[in-house]
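A.B. asks: Sequence first, predicted coordinates after that:
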Amino acid sequence: MDQVLQQYDIGAVRTAEPARSGLMHGTWIVETEAGRYVLQRLHHKLATPEIVADYRAVTEHLATRGVPAPRLVLTRGGDPVAQSEDRWWRLSTFVPGETRDRVSSVEEAEEGARALARFHRVMADIGHVFGSQHPLHDTAGHLERLRAAAADPAHAAWRPAIADEIATVLERLGGMLLPTGLPVRVVHGDPKISNVLFRDGRAIGLIDLDTCNRHTVLVDLGDAIRSWCRDGGEDESQRFHLARFEAILRGYAAEGPALTPEEVTFLPQAGPMITLELASRFLRDVLEDHYFAWDAARYPDRRAHNIARARGMLFLAQDMEAHRAECEALVARFFPG
């Protein structure tokens with residue numbers, strides 16, 4: 001890490017402490033003479049010139065609009081990333097605030113929705129052409145990649161352990177795909193609650209901006225619903241909280257862009273769809289065993305953790321569908337005609 005930090009003009013480094021890690025990057029909070037920074041060892045799937053350029057454009061746009069967000073720090077040589085040990089490392093400014101591992105109240109869910117809504121509005125006038133052609137929520141693509149992985153003889157040894165789960169995803173997710181032709185806007189791509197920044201109980205903005213791209217806002221709303229309307233970790237079977245779903249709708253309707261009638265029609269299925277999409281990704285990684293980080297203190301290997309994650313998401317999707325009529329009624333209330 002010292003070799004990485006020496007590539008930046010940030011003064012003497014005092015401390016570099018690991019932060020709570022997500023499923024992708026390794027992250028450290030770095031204290032220096034010049035201030036506080038966030039250093040990230042980029043996951044190989046997100047270490048591309050296009051994604052780094054998109055990140056830089058998004059963070060600069062947010063800064064010009066006065067929205068709290070990290071700013072990319074260039075190396076001494078003017079490069080957007082440092083390189084060491086065949087990995088890419090990114091340094092960003094630190095934005096004061098707190099994150100949550102999970103939502104604990106309807107108030108937090110509403111605050112998160114307001115922050116997501118403001119993000120969608122502020123990003124509406126960005127002129128940047130996104131270089132990454134692979135938005136995170138390529139639901140149809142994830143479904144087909146799971147199907148291909150399940151049919152690959154190289155994964156035959158692990159297929160029986162998750163055959164029932166794969167069959168469920170293949171059967172249910174295909175019928176939930178969103179129609180083409182929905183409005184395309186700039187989305188965050190991964191608005192789980194740990195990517196919402198809070199300060200004094202208010203949600204002030206979003207972090208982890210690697211996955212921004214142009215897509216339907218329903219994928220962001222669906223992922224927020226998946227993340228915020230449950231307790232526990234993704235590897236736990238936790239029930240759907242209808243009151244938090246209502247809070248998300250209330251917050252987004254208050255501060256977000258106007259949704260078209262077609263967007264409103266498909267909003268109730270966005271949560272179950274994204275939940276099953278994530279289940280498909282976990283199941284595929286059970287077979288391929290190379291993508292998601294895993295908790296070595298709780299599981300013997302990545303596959304075991306991904307099996308638990310997939311089952312947790314399948315349980316949640318089923319419980320969401322059990323509340324479908326109530327969700328539709330709430331959507332009609334907050335987004336009338």
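C.D. replies: Cool, got the structure.
A.B. asks: Against L206, how distant is the spatially most central residue of the chain?
C.D. replies: What sits nearest the mean C-alpha location of the chain, by C-alpha atoms, centre = their mean, is D190, with 1.7 Å. Distance from D190 to L206, counting by C-beta to C-beta, to the nearest Å: 9 Å. Where C-beta positions appear, they are placed from N, C-alpha and C, glycine not excepted.
A.B. asks: ok, which stretches of this protein are helices?
C.D. replies: Residue ranges of the helices in the chain, as given by DSSP state H, are 2-5, 49-64, 106-122, 139-151, 163-173, 217-228, 242-255, 261-288, 302-322, 324-334.
A.B. asks: Nearest to R202, out of these?
C.D. replies: Taking C-beta to C-beta, helix 106-122 is the member of these nearest to R202, at 6.0 Å.
A.B. asks: can you list contacts of stretch 62-71?
C.D. replies: The set of residues external to stretch 62-71 that reach it, using C-beta atoms under 8 Å, 6 or more residues apart in numbering, is 38, 58-60, 92-95, 97, 118-119, 122-123, 197, 199, 204-207, 209.
A.B. asks: returning to that earlier point: got a list of what the residue nearest to the centre of the chain touches?
C.D. replies: Neighbouring residues of D190 by C-beta under 8 Å, 6+ apart: L136, D208, D210, T211, D223.
A.B. asks: The third one and R56 touch, don't they?
C.D. replies: No: shown here, D210 and R56 do not form a contact pair, counting by C-beta atoms under 8 Å, at 11.0 Å.
A.B. asks: Distance check, the closest residue in space to A322 that isn't next to it in sequence against F119.
C.D. replies: Leaving out its chain neighbours, the residue that sits closest to A322 by C-beta to C-beta, 6 or more residues apart in numbering is F240, at 7.7 Å. Separation of F240 from F119 (C-beta to C-beta) stands at 24 Å.
A.B. asks: What is the burial count for the residue nearest to G271 when sequence neighbours are not counted?
C.D. replies: Counting by C-beta to C-beta, 6+ apart, the nearest residue to G271 once its immediate chain neighbours are dropped is I225, at 3.5 Å. By other C-beta atoms under 10 Å, the residues close to I225 number 31.
A.B. asks: Out of the helices of the chain, which one sits most buried?
C.D. replies: Mean neighbour count, computed with mean count of other C-beta atoms under 10 Å, is highest for helix 217-228 among the helices of the chain, reaching a mean of 27.
A.B. asks: How far away from the center of its chain is it?
C.D. replies: Taking the mean of its C-alpha atoms, helix 217-228 sits 9 Å from the chain's own mean (C-alpha atoms, centre = their mean, to the nearest Å).
A.B. asks: related to what we said a few turns ago, now which of the contacts of stretch 62-71 would you call buried?
C.D. replies: In the contacts of stretch 62-71, burial by neighbour count holds for 38, 58-59, 92, 95, 97, 118-119, 122-123, 197, 204-207, 209, counting by 16 or more other C-beta atoms under 10 Å.
A.B. asks: Looking at these, spot the one nearest P153.
C.D. replies: Of all the buried ones among the contacts of stretch 62-71, L209 has the smallest distance to P153: 39.1 Å, by C-beta to C-beta.
A.B. asks: For the closest one, which non-adjacent residue is closest in space?
C.D. replies: Among residues not flanking L209 along the chain, V58 sits closest, at 5.1 Å (C-beta to C-beta, 6+ apart).
A.B. asks: mind listing what the one you found touches?
C.D. replies: Taking C-beta under 8 Å, 6+ apart as the contact definition, V58 lies against A69, M123, I126, H128, V186, L209, C212.
A.B. asks: What of I248?
C.D. replies: Shown here is I248, whose contacts under the criterion C-beta under 8 Å, 6+ apart are A109, E110, G112, A113, L221, A224, I225, W228, C229.
A.B. asks: ok, now L178?
C.D. replies: Under the criterion of C-beta under 8 Å, 6+ apart, the neighbours of L178 are T139, T216, L218, F266, Q269, A270, M273.
A.B. asks: give me phi/psi at it?
C.D. replies: The phi/psi pair for L178 (degrees, to the nearest 10) reads phi -80, psi 150.
A.B. asks: now do the one 4 residues further on
C.D. replies: With angles defined as degrees, to the nearest 10, L182 sits at phi -70, psi 150.
A.B. asks: Just give me the neighbour total for G77.
C.D. replies: Other residues within reach of G77, judged by other C-beta under 10 Å, total 8.
A.B. asks: For it, which non-adjacent residue is spatially closest?
C.D. replies: When the adjacent residues along the chain are set aside, G77 lies closest to Q7, with 7.5 Å between them (C-beta to C-beta, 6+ apart).
A.B. asks: is it true that that neighbour touches T75?
C.D. replies: Yes: using C-beta under 8 Å, Q7 is in contact with T75, at 4.6 Å.
A.B. asks: Quick check: neighbours shared by the two?
C.D. replies: With contacts taken as C-beta under 8 Å, 6+ apart, Q7 and T75 have A82 as neighbours in common.
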